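Enquirer: Pasting the sequence and the predicted model now:
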Amino acid sequence: MILSCDFLAAQAYSDRFTESLVIRPLEDGKVASLFTFTTLMAHASGRDPINDSEDKPQHYTIFPLSLGQILREYAITELHLTLNAGKWDYLHWGTPEDADVGSGAEMWAWMADGGADSIDSRWVGVRNAVSGLLCASLSSLSIQRTTSPLLAFPPLGDLPVIRPTNQTDASKQYHLRHASLPSEHVCTENLTPFLKLLPCKSSSGLASLLNPHKLFDADWHGMGVHVRWLERKGVEVKLTFQAVVDPVRYSPTHSRDASLGSMFDRAIEKPCPVAAESMIQVKSPTDAVFHLSPDAHMENGIAVYDLAEAEYPLDISLRWPAELSFNYLFSSVHTSAPIRVTRVLRDASQTHGRLTVSIINESNHTQYVAYLETVPWFIQFYLHTLRITVDGEPRPDLLHRLSYTPAIPHADPTVFEPIFTLPPLKALRFTMEVEKAFLRYTEHPPDAQRGWDLPPAVVLPIQNPDLPFPISPYKSQRIYTSTLLVDLPTPDFSMPYNVILMTSTLVALFFANIFNTLTRRFVWIQTAVA
Amino acid sequence: MFLRRLGLGTLIAARLLLAYHPALLHLQDDAQLSSPLTSYKRLLEGIFLFQNGVDPYTGGTFRHSPLLLALFSTAFPLSSTTAPIIWLAFDLLGAVSLAKIYHSRTQARDRNRNFVLVAFYLLNPYQLLPSLARSTASIENALSLLASAFACSGKSSYALLALAFLTHLSMPAVLLTLPISLLILRGPHSSLATPTAFHSWSKLIPLIAEYSIYVGILSITASSIAGGVHWSYKTWGAFLTLPDLTPNPGLWWYFFTEMFDHFRPFFLATFSIHMAIYVVPLSLKFQHDPLFAAYIILGIVGLLKPYPTLADAGLFLTLLGVFPEIYQYLRTPIVTALLHLHSSLLLPLFHKLWLSQGTGNANFFYASTLVFALANGFAILDALQAGLRVGLGTRPDGWELVQI
Amino acid sequence: MADTALPAESAVAFQTPSIRRLIILSYWVAVIIGLPIWLYTTSIQRLSLSESQVISLQGQPVDIPVNLYLDDVDNILANSDHFVRTLQTSLQSCTSSAGLALVVSNAQSSTSDYDYRLVLKAGSADCKIDGRSLRWEVNRANKASLATQMTATLCELLAPRSSAADERRVVQYAPKVRLSFSLLNEEVFMEDSFSSWNMESLFQGHVAPLLERLSPLHNFSVESQTQVYAPLAFDPQRVDNGHVISRDQLTVFVNSAEWTLASGVTTDPVLHFLLFIPSKEHRPLQIESSIEHDDYFKAFLVPQWGGVVIYNPPALGQPLGPLPDTVLQDVLSIYKNQLLALLGVSANCRCITDSSDISQWQLDALMRRRTIENVNRSVDALNSIVKVVNSIQQMPVGKDVREDVNTALDALAKFYPPLPLSPSELLAYSARALSTSSHAFFNPGMLALLYFPDAHNYAVYLPLFAPILVPLFVTGIKEFKVWRKQRKQQKLDSHKKAE
């Protein structure tokens, strides 16, 4: 089946939908796949919160209406949401195709200031609306999780200049809000509404491979919604789904041969007719003899399948014919992640701990990174205990710059954002003492004994640490640490009335005794005749 | 003479040795020795933030007065070398003031007694441990003794200035204004046995006004240091709103951990008013001996304040040495001592069981704070009754004193 | 008394009655200072609502003034005053039941823009509407039934009756209405399927003028989308030539689970207009009741929800692309009629010649009807608020609730008695009354504390305050009694001395 040229011409002036799937066999025998569905709404732009009303007609073709409504209502210029399950293993899996792999839910938005509604009320609104759209529980804990980091979440698109004022610098008009909820669980109820945002839903094209039963059994999976504005192009929404599946686990012979059928339990039956471009790319590994079927068109060592020209049903299989069974021998030589981060909480009692982070520079040149830690208020940092070491030697000079916003009890989280210099092939280690706060009994969640998940820390490699900002100019790929589970001291939840009773009684006893002593008179009484 | 000097020297040396001992550094983390408002670590954090251009009063970690911030970031930079000396200096100041108070009260030139008082102040574990933990409660104690000592020797301005400083460090000290002013007017001599009424109450007004001016000036200074008045919400506000619920030996933290949100503001107000309610009655009752009124009020504030530490109880117990005339009338010294012994064992044990070992729960520690409060309550009540009892003298057998 | 026998004790300075009284007094001062704090921190904020005003509105009918002026240009009527009176009485029944206070009078020179004119002219029994005036051409020979004819027409124009079925169809009034147009392909094919439609430009020419005309009534916002996989939730019944949707299936035609139609961002009512293009297997898809009409379009209304058009495209083998503009034009004109029906615009009367437009009379009649509905609904809402607040003593009533209620009452005051305002102004006031009263009714702050029973209050207060207050009271009362007795004694003594 060949798409006619008329159709492409007709699409050119309005929306354009493209989809792609990148399959990459990993070092440890697993297979990473990234689905990207991109819809471009040509020559559109986000609502200007000052000059545009919400009532202007909105006409969408393949751009999802439900998402468009939200963007318009809250005048969102750029919106990102990721929902991930599991911990991305940078050591064995290398750098992910789509960088935002932090566990749990993460959401951030760039919004222009001005207009009737404040940034924060729009942020609350958009959180609630997106939660409803994807059946996620992002709306809980809103202010306790919301931050505005300076560096780690730069706008990925362009920011329209919204009013011709003296300050032509668009950066001053835009604000970032970021929140993450590491304990969010991602499951089928999030995937179903996610698929409905696609023009072909899960009926045809690449999206038909997204089979919840198989995917939620994967070693790692995550979905993302990324909306941005590109000057001269329009509003782009990119929906991504990323998964790491383990064919070795499914194979009775422990072979790492995989196919669309074995990974997703499906083959592609038909293409999505409204897709202007639909591609599957297989990044072939270099370490062993590797066979692909059906034959693909090769580009720079990447096998490319164009769904417009493919034969259906399409099932691509990856085979290592020389291998009978797969044995994984880890060699760090092959890891492609240039920077790795680990974060632990040491010496942790229920009141204190020592945050220990090591950032390893795997490359042989000096790198700069912006580190970001956003923790809820109940973890209090002792910044004066910050110690930076390399190979056990104190190296305070490696801290290039530091921005820090202390937490406000019962409200705002801490934002700790240093820039470090990483010497080549060394591990920078920094430690800091933290204290855990005591919560009111109503502030604990129902499963208080389980503990609290701290959001993953984020590391952003940067080229030049001295660039001026308010809006971060760095657009490199973020690296996420795993989440941390901390247990906070808990009160006895059955006690309120007992405590009120006992403390009150003691206080009242004291009061009454003092009162009596002060108001009564001493009198001598003769008890016996002398 | 020589022996006393030697003893004092040994004492100071031993204190310094302990203060420099690295094994005792972990005392800084102990919530019983330093509350969030007096913690050394938080003080360091505040100074660090202040010196690095971050406003320490935006967050919730630092709740010390801006005066301390200015003092320790300029005049006396804190480090592991200087801090023990500074804290020892404050303790010595407190000890000397204590001896001075005793001296003014009794007019006795009893050097041995002075030495015993100084030694007791420096060695009392309730004072020693907070000082080793470098809790600013030690500074507060020294200041309240200094204020009393100045008041005893009639140096009214110095006394009121010291009190204003103390108020900046710890807001409940404002309750001492009345008895200290009274003390300035009436003098320190022990009149428990010979009570006489006080008639010139109006003379209090200029003293209280002077105190208010000092507090005002210090507040302006603090605001110029902190760059705004927001410090007062974090420091003084913490006494009224209890934002930090870190366990301490006091009565507030668990009560307000468990309190329903709807009643929280009301009970916060109730507890604050309750603390203040004793000041006027005690000052009236002991108008013949305001130092004793100040003593009892110090004890009550130490018992009922929102963020007490062991140092508050320590100060009350140490000051008992100034009032030897009441000893013979104490009715329950054994009970009080036993309760103190009991709670001083239970408090650290249950704190550790709950928060370090994870084998106990919050109720363990809460129960031991109740025992501690009971011990302090008994001590205060006993001292109060004994103080009144002194005035009634003794009668031969066959007469019994009752309260009606 | 024991102490009088032993003067030594009361001679002790701190045992004097005056100190004792001062101490008790100082305790009481602290308690009295504490009282307002108690009230301030624990009281549930219950601001008083203008209750009597709200209750007085209940059951009061609203009469909107309508003025009709008779202008006998050609002096057809012998006694125009008599005719005016006849018309007034004969129109009474239909207008008053619609909540109108109609006044018919002879032409005046100064009338406001929103008064109606009835222009009588000689001519060939015909009528024509022009703005708010009705030109009535009378055949001089046939004057007898003039009043009856006129009454029927005017009733239809001023207070159109609607059937119960029509009523059910009409969407509840809201100042803002969202119109959502969706192109739904049951399945997509490479030919004779439509991946898009030229809604943006055609809408401007076809529907926008109508919305502009209706703008005094509602504030419309418009959105459109296309979907290429929109399956039905049921299988249509197979018949000889194609498939048929039965009457029962019509009710489940809209497959909300699969078609993403719902809007998550607003609470404004949404009217959906769907263009459904059946899959090839189902074509032609018919509706049971209208099989015989062999047409490309099948349309039906979903009451209070929207309209659906089913389009069976002819098999022309056209490649996948946009819907032809001619088709969309036809669809849009169906939508226009569906929209009017959903909004409750009355049917055309015989005097209206331009059927594509809505006359001012129709618009006014609808606005008046909506106004009365809104006034009644907001009066009901206000009464419910007052009732609920009165019946639940622990329900907080905050500033915002009171402000909302007062705004609603201010807006309602325009109707008691009704001010001579234009229909659109009246509608605007009624809409404000409605939105503020329902905003007050659904205020989330009014739910707080409903779950905290009185018994728990005692459990919180008693342990501390019972043991504190009992000695305070007992000692206070005892001391007060002693003090009074002493004063009496003193008086007696001084009397005795005087004697």
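Expert: Received, thanks.
Enquirer: Can you give me the buried ones in stretch B:147-159?
Expert: B:147-153, B:156, B:159 (16 or more other C-beta atoms under 10 Å in any protein chain shown). From N, CA and C alone the C-beta is placed, and that goes for glycine too.
Enquirer: Looking at these, which is nearest residue B:342?
Expert: Checking the buried residues of stretch B:147-159 against residue B:342 by C-beta to C-beta gives residue B:148 as the nearest, at 29.9 Å.
Enquirer: Check that closest one and give its pLDDT.
Expert: Note on residue B:148: pLDDT of 95.
Enquirer: Near chain C, which residues of chain B are found?
Expert: Counting by C-beta under 8 Å from any C-beta of the partner chain, the residues of chain B close to chain C are B:195-197, B:260, B:262-263, B:265-266, B:269-270, B:273, B:276-277, B:280-281, B:284-288, B:388, B:391-392, B:404.
Enquirer: In contact with residue A:369, which residues?
Expert: By C-beta atoms under 8 Å, 6 or more residues apart in numbering or on different chains, residue A:369 lies in contact with A:339, A:359, A:419-420, A:422, A:459-462.
Enquirer: helix or strand for residue A:100, which one?
Expert: Using DSSP states H and E, residue A:100 sits within no helix or strand.
Enquirer: Now, of the residues of chain B next to chain C, which are buried?
Expert: Going by neighbour count (16+ other C-beta under 10 Å), the residues of chain B next to chain C have B:195, B:260, B:262-263, B:265-266, B:269-270, B:276-277, B:280-281, B:284-288, B:388, B:391-392 buried.
Enquirer: now the helices for the stretch 301-450 of chain A?
Expert: Shown for the stretch 301-450 of chain A, no helices are assigned by DSSP state H, counting those that start in this stretch.
Enquirer: Which residue does it have closest to chain C?
Expert: Nearest residue of the stretch 301-450 of chain A to chain C (C-beta to the nearest C-beta) works out as residue A:308 at 11.3 Å.
Enquirer: Report the residue spans of chain C with pLDDT below the cut-off.
Expert: With pLDDT under 70 as the threshold, chain C has low-confidence stretches at C:1-11, C:109-111, C:125, C:141-142, C:290-295, C:353-356, C:447-452, C:499.
Enquirer: export the buried residues of stretch B:147-159 to CSV and tack on secondary structure and distance to residue C:184?
Expert: Converted to CSV, the buried residues of stretch B:147-159 look like this (DSSP: H, G, I helix; E, B strand; the rest coil; distance: C-beta to C-beta, whole Å):
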residue, secondary structure, distance to residue C:184
B:147, helix, 83
B:148, helix, 86
B:149, helix, 89
B:150, helix, 88
B:151, helix, 88
B:152, helix, 92
B:153, coil, 94
B:156, helix, 89
B:159, helix, 87
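Enquirer: Residue A:364 and residue C:243, how far apart?
Expert: 70 Å (C-beta to C-beta, to the nearest Å).
Enquirer: How about residue C:358?
Expert: Residue C:358 is 37 Å from residue C:243, where distance means C-beta to C-beta.
Enquirer: Can you tell me which residues in the stretch 301-404 of chain B are near chain A?
Expert: Checking the stretch 301-404 of chain B against chain A by C-beta under 8 Å from any C-beta, the hits are B:303-304, B:354-356, B:358, B:361-363, B:366, B:370, B:373-374, B:377, B:380-381, B:384-385, B:388-389, B:392, B:395-404.
Enquirer: Give me the buried subset of the residues you listed.
Expert: B:303-304, B:354-355, B:361-363, B:366, B:370, B:373-374, B:377, B:380-381, B:384-385, B:388-389, B:392.
Enquirer: In terms of pLDDT, where does residue A:8 sit?
Expert: 35.
Enquirer: What distance do you get for residue A:338 to residue A:90?
Expert: Distance of residue A:338 to residue A:90, given as C-beta to C-beta: 10 Å.
Enquirer: Just want to know which of those two has more residues nearby.
Expert: Using other C-beta atoms under 10 Å in any protein chain shown, the more surrounded residue of residue A:338 and residue A:90 is residue A:90, with 24 against 18.
Enquirer: quick one: that one and residue A:359 touch, right?
Expert: No. Counting by C-beta atoms under 8 Å, residue A:90 does not reach residue A:359; the two are 11.8 Å apart.
Enquirer: joint contacts of the two?
Expert: Going by C-beta under 8 Å, 6+ apart, residues that sit against residue A:90 and also against residue A:359 are A:340-341.
Enquirer: what residue ranges in chain A score low on pLDDT?
Expert: Using pLDDT under 70, chain A drops low at A:1-14, A:54, A:139-142, A:162-172, A:286-288, A:331-336, A:467-474, A:529-530.
Enquirer: hey, which helix is longest across it?
Expert: Longest helix of chain A, by residue count under DSSP state H: helix A:496-519.
Enquirer: on contacts alone, who are the packing partners of the helix or strand following that helix?
Expert: Per DSSP H and E, helix A:496-519 leads on to strand A:522-526 as the next helix or strand towards the C-terminus. Counting contacts by 3 or more C-beta pairs under 8 Å, 6 or more residues apart in numbering or on different chains; DSSP states H and E, strand A:522-526 packs against strand B:399-403, helix C:2-5, helix C:7-11.
Enquirer: The same query, at a cut-off of 10 Å, please.
Expert: Under the contact definition 3 or more C-beta pairs under 10 Å, 6 or more residues apart in numbering or on different chains; DSSP states H and E, strand A:522-526 sits against helix B:362-390, strand B:399-403, helix C:2-5, helix C:7-11.
Enquirer: Spatially central residue in chain C, please.
Expert: Nearest residue to the geometric centre of chain C (C-alpha atoms, centre = their mean): residue C:434, 4.3 Å.
Enquirer: The helix or strand where that residue lies: which residues count as buried?
Expert: According to DSSP H and E, residue C:434 maps onto helix C:423-441. By neighbour count on 16+ other C-beta under 10 Å, the buried set for helix C:423-441 is C:423, C:425-441.
Enquirer: That helix vs chain A: in contact?
Expert: No. Applying C-beta under 10 Å from any C-beta of the partner chain, one finds helix C:423-441 separated from chain A by no less than 15.8 Å.
Enquirer: angle of the following helix or strand past that helix against helix A:496-519?
Expert: Downstream of helix C:423-441, the next assigned helix or strand under DSSP H and E is helix C:454-498. On the basis of axes from the mean of the first three to the mean of the last three C-alpha atoms, to 10 degrees, helix C:454-498 is oriented at 10 degrees to helix A:496-519.
Enquirer: Report whether helix C:454-498 contacts chain B.
Expert: Yes. Against chain B, helix C:454-498 shows contacts by C-beta under 10 Å from any C-beta at C:456-457, C:460-461, C:464-465, C:468.
Enquirer: Tell me who's in contact with the residue of the stretch 51-200 of chain C found nearest chain B.
Expert: Closest residue of the stretch 51-200 of chain C to chain B, C-beta to the nearest C-beta: residue C:51 (26.2 Å). Going by C-beta atoms under 10 Å, 6 or more residues apart in numbering or on different chains, residue C:51 touches C:382-383, C:385-387, C:389-390, C:405.
Enquirer: change it to 6 Å
Expert: Residues near residue C:51 by C-beta atoms under 6 Å, 6 or more residues apart in numbering or on different chains: residue C:386.
Enquirer: Could you check how many residues crowd around residue A:196?
Expert: Using other C-beta under 10 Å, the number of residues around residue A:196 comes to 19.
Enquirer: Quick one: classify the closest residue to it other than its chain neighbours as helix, strand or coil.
Expert: Closest residue to residue A:196 apart from its sequence neighbours, by C-beta to C-beta, 6 or more residues apart in numbering or on different chains: residue C:260 at 4.9 Å. Of the three states, residue C:260 takes coil under DSSP: H, G, I helix; E, B strand; the rest coil.
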